[in-house]
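Asks: okay, sequence plus prediction incoming.
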Amino acid sequence: MPEKTSVKEIAALARISLSPQEEKVLQKDMDSIVEYVELLSELDLEGIEPTMHAMPLQNVTREDKVVNKNQKDAIWNNTPQMENDLITVPPVIGEAT
């Protein structure tokens, strides 16, 4: 059985500080999780296919079709400002204040 990891070690690796009360509560929670995982490892899984999802998934696809391929005029008619066949937009970076 591997050596027990403490919440104090994990907190140090994560660079977070915990009060003694928080350490005690989190250590209890972590111990419960590890105990549950160890319990799962004792199950006989012979003949059970591994799955990624609890429910079967089906990919929904459709054929790609070009629709309204030339909409340049419609786009340009909805553009507030144009210059030399280019859409102009206001600057994003302003002056420093």
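Replies: Done, it's in.
Asks: neighbouring contacts of stretch 85-94?
Replies: Trp76, Thr79, Gln81, Met82 (CB atoms under 8 Å, 6 or more residues apart in numbering). Yep, even glycine has a C-beta here, placed from its N, CA and C like the rest.
Asks: quick check: the closest residue to the third one other than its chain neighbours vs Ile75, distance?
Replies: Spelled out, it's Gln81. Counting by CB to CB, 6 or more residues apart in numbering, Thr88 is the residue found nearest to Gln81 once chain neighbours are left out, at 4.3 Å. Relative to Ile75, Thr88 is positioned 14 Å away (criterion: CB to CB, to the nearest Å).
Asks: what about Asp31, neighbour count?
Replies: 14 (other CB atoms under 10 Å).
Asks: that one should be in a strand, yeah?
Replies: No - read with DSSP: H, G, I helix; E, B strand; the rest coil, Asp31 is helix and lies in no strand.
Asks: which residues does it contact?
Replies: Asp31 touches Lys4, counting by CB under 8 Å, 6+ apart.
Asks: now do it against Thr5, distance only.
Replies: Applying CB to CB to Asp31 and Thr5 gives a distance of 10 Å.
Asks: now Leu18
Replies: According to CB to CB, Leu18 and Thr5 sit 14 Å apart.
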